[in-house]
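Colleague: give me a model of this one.
(one chain, ligands or ions: 2)
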Amino acid sequence: MAKDFRKSTVYQVYPKSFCDTNKDGLGDLKGVTSKLDYIKELGADYIWLTPFFVSPQNDNGYDVEDYYNIDPGYGSMEDVEELIAEAGKRGIGLMFDMVFNHVSTRHEWFRKAMEGDPYYKDFFFFRKGKGNGEPPTNWESKFGGNAWEYVEKFDEYYLHLFDVTQADLNWENENVRKEIQKILRFWMEKGIRGFRFDVINLISKACFEDDDKGDGRRFYTDGPKIHQYLKEMHDATFGQDDGIITVGEMSSTTIENCYQYAGRDTGELSMVFSFHHLKVDFMGNEKWVLVPADFQKLKDIIFEWQTKMAEHNAWNAVFWCNHDQPRVVSRFGDEKKYWKESAKMLGTVIHCLRGTPYVYQGEEIGMTNTDFKEIGRFKDVESLNHYQILQEKGLSADDALRIIQIHSRDNARTPMQWDDTKYAGFTSEDSAEPWIGVNGNHTRINAADQLKDPSSIFHYYQKLIALREDSEISDIIAFGGIEPLDQKDPCVFAYRRKYEGHELIVAANFFGRTYPWKNAPELAGYRRVLGNYADTEFSAEGTAVMKPYEAAVWYR
Ligand code: GLC
Ligand code: CA
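Modeller: Ligands and ions are numbered 1, 2, ... in the order given. Alright, predicted model coming up:
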């Protein structure tokens, strides 16, 4: 019997930046295998591996050229098989990251389409322009610029919601859907325990019309046939094996659609990633601006998703970090003055929510945003495109750089900090330069030091993950209801979980100043099970006096 995914924790590995074993400066699959004991020690049940399939790497593997083979930069099929087997021995399941909204323009299907083969042309969206040199619609690519690329020899354009080398697949075509099912079955037979589906809610395009209100997303987000496609894929593949867990990455989704995507009995997916809570430092959908994070909005969004998904018996993936997000301790914590406290506080808030927590490599040791001072050190296509676009809009190079430094996906992609050696133990000291620069703070922030220190962020995360293993508490976390506490309080993020007569109270001071929490619930009779300070203080009147970034969990 597979472990209930509601009691599981997933650790995300971005293999390119995790561990390099052959000194070429690129992380590899053997590197992941070599670190399984570390992941086991942390306590994760699954590893989500971002794509390592054959790819030109224009979007670090999210541009897949061949779903059946391993990119030589990452290793070989034997390496994958060894990784699956070794993880299995440790009770860890592997989740693969399947990118099915688009393929690399180097994929055989696209190459045949470009040769004019009508069978393969219909795997994609080739459309005539509007005449006078205008593309079919005004939709914007997520990475900047128009989402259509002109192909002279057909006098047509193809759709790419992401990079121009990532051509969108036409899911209307049944042959596309059959090919995708074949790929899933291939990996299921290799012993995979889960799948993460990349931007999966974008696969059903409603129509190709100009968007006079936005960038086009309303015409393809949670599109008309999305539920049909997911059910069909579920029934034909992973739905036949109830040991397999799935998570859909849902871009700009609505909660109503997520009841369906991740409902207990809807026959689509186990759970969803939604991102609304990670846009509280955007201006609407505009990421490339500098605005302070809106704490009230953050709470309101998280609590709305928590309570409504529970009401509809649907399941969330809960997370702050992944390979597309800035580091959370830099984003919502204080990486300087309260680095340790704020990292632990943020972990506490996420891990006791109703949902399956995802820990992104390095989060468990409080890794921070990059220290890159020049644009030349950034690698991500999205960052580099927007650096240009911001300047075209009139920003100075310095201002554009400042925005990139805060929001770039590269913040999450610098090498994992294993130790204090030259390349942070990501690779050996006589290796080629790592593909992306190591953060200079690895001498202070690294796994080796934290494994030795019982008060480290690593050991705190270990305890958070272990809460799900503890019998009484794990039932509350996995099955309990959720009730926000003092939701309008300007400093505290707090909630109550309840299950079969037992309760957890989770409270966190989200800011770097001591704060007497006037509306704290009565805590007499509760046992404090975890916290990032030795103890919580109470004033004479019984008010909890929360220290900077203090977080604690109480049980009754
Ligand atoms: C997802 C991935 C991201 C990628 C994009 C296009 O958002 O997480 O890294 O660039 O999809 O595949
Ligand atoms: Ca390597």
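Colleague: need the residues that contact whichever strand or helix holds E179.
Modeller: Under the criterion DSSP states H and E, the helix or strand holding E179 is helix 174-189. Helix 174-189 is contacted from outside by 67-68, 96, 98, 100, 109, 119, 122-123, 169-171, 195, 229, 232-233, 236-238, 241, 244, using C-beta atoms under 8 Å, 6 or more residues apart in numbering. Heads up, the C-betas are built off the backbone N, CA and C, glycines and all.
Colleague: and those residues, which are buried?
Modeller: The neighbour count (16 or more other C-beta atoms under 10 Å) marks 67, 96, 98, 100, 109, 123, 169-171, 195, 229, 232-233, 236-238, 244 as buried among these.
Colleague: shouldn't Y158 be in contact with D122?
Modeller: No - judged on C-beta atoms under 8 Å, Y158 makes no contact with D122 at a distance of 11.8 Å.
Colleague: tell me the buried residues in the helix holding E179?
Modeller: V176, R177, E179, I180, Q181, I183, L184, W187, M188.
Colleague: for the second one, report the pLDDT, please.
Modeller: Yep, that's R177 we're talking about. Predicted confidence (pLDDT) for R177: 98.
Colleague: gap between it and T237?
Modeller: 11 Å (C-beta to C-beta, to the nearest Å).
Colleague: check the fourth one too.
Modeller: With the distance defined as C-beta to C-beta, I180 ends up 9 Å from T237.
Colleague: and what of I403?
Modeller: The value you get for I403 to T237, if C-beta to C-beta is used, is 41 Å.
Colleague: one more: R496?
Modeller: Distance check for R496 against T237: by C-beta to C-beta, it reads 39 Å.
Colleague: residues contacting the residue of the stretch 151-300 of the chain found nearest ligand 2?
Modeller: Ligand 2 sits closest to K190 of the stretch 151-300 of the chain, with a gap of 21.6 Å, by C-beta to the ion. Residues near K190 by C-beta under 8 Å, 6+ apart: V80, E81, I84.
Colleague: format the residues you listed as a markdown table; extra columns: neighbour count, secondary structure and pLDDT.
Modeller: A markdown table is the format used below for these (neighbours: other C-beta atoms under 10 Å; DSSP: H, G, I helix; E, B strand; the rest coil; pLDDT from 0 to 100):
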| residue | neighbour count | secondary structure | pLDDT |
| --- | --- | --- | --- |
| V80 | 25 | helix | 98 |
| E81 | 13 | helix | 98 |
| I84 | 20 | helix | 98 |
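Colleague: how much space between W435 and H442?
Modeller: W435 sits 16 Å away from H442, going by C-beta to C-beta.
Colleague: quick check, distance from the helix holding E179 to the centre of its chain.
Modeller: How far helix 174-189 lies from its chain's middle: 24 Å, per C-alpha atoms, centre = their mean, to the nearest Å.
Colleague: residue contacts, F195?
Modeller: For F195, the contacting residues are M95, F96, D97, M98, L184, W187, F238, I244, I245, T246, V247, by C-beta under 8 Å, 6+ apart.
Colleague: do any residues in the helix or strand harbouring it lie close to ligand 1?
Modeller: If you go by DSSP H and E, F195 is part of strand 194-197. No - judged by C-beta under 6 Å from any ligand atom, strand 194-197 stays clear of ligand 1, getting no closer than 8.8 Å.
Colleague: after that strand, next one along is what?
Modeller: helix 226-236.
Colleague: who in the stretch 51-200 of the chain is up against ligand 1?
Modeller: D59, Y62, V99, F162, D198, V199.
Colleague: how about a cut-off of 5 Å?
Modeller: Within the stretch 51-200 of the chain, the residues that sit near ligand 1 (C-beta under 5 Å from any ligand atom) are D59, Y62, F162, D198, V199.
Colleague: got the contact list for the fourth one?
Modeller: This points to D198. D198 makes contact with Y62, D97, M98, V99, F100, N101, E249 under the criterion C-beta under 8 Å, 6+ apart.
Colleague: farthest pair in these?
Modeller: The span of these, defined through C-beta to C-beta, is set by D97 and N101 at 12.2 Å.
Colleague: OK, contacts around K373?
Modeller: Residues near K373 by C-beta under 8 Å, 6+ apart: none.
Colleague: gap between it and ligand 1?
Modeller: Using C-beta to the nearest ligand atom, to the nearest Å, K373 is found at 24 Å from ligand 1.
Colleague: what do you get for D410?
Modeller: In terms of C-beta to the nearest ligand atom, D410 sits 11 Å off from ligand 1.
Colleague: swap in C258?
Modeller: Distance from C258 to ligand 1, by C-beta to the nearest ligand atom: 16 Å.
Colleague: can you get me a residue count around that residue?
Modeller: 27 (other C-beta atoms under 10 Å).
Colleague: need the pLDDT of the nearest residue to it once chain neighbours are set aside.
Modeller: Nearest residue to C258, sequence neighbours excluded (C-beta to C-beta, 6 or more residues apart in numbering): V272, at 5.0 Å. V272 carries a pLDDT value of 98.
Colleague: isn't I255 up against W305?
Modeller: Yes - here I255 reaches W305: they are 6.3 Å apart, a contact under C-beta under 8 Å.
Colleague: mutual contacts of these two, please.
Modeller: Contacts common to I255 and W305, judged by C-beta under 8 Å, 6+ apart, are S274.
Colleague: neighbour-wise, which of the two wins?
Modeller: Neighbour count, other C-beta under 10 Å: between I255 and W305, W305 has more, with 22 against 17.
Colleague: isn't there a helix covering that one?
Modeller: Yes - counting by DSSP: H, G, I helix; E, B strand; the rest coil, W305 is located in a helix.
Colleague: which residues are in contact with it?
Modeller: So W305 contacts I255, C258, S274, H276, H277, N316 (C-beta under 8 Å, 6+ apart).
Colleague: OK, contacts around the first one?
Modeller: Remark: with contacts taken as C-beta under 8 Å, 6+ apart, I255 is in contact with S274, E304, W305, K308, M309.
Colleague: ok, the third one next?
Modeller: Shown in contact with S274 (C-beta under 8 Å, 6+ apart): M250, T253, I255, C258, W305, N316.
Colleague: how about it, phi and psi?
Modeller: Main-chain torsions, S274, degrees, to the nearest 10: phi -120, psi 160.
Colleague: where does this structure have low pLDDT?
Modeller: For the chain, the stretches with pLDDT under 70 are 1-2.
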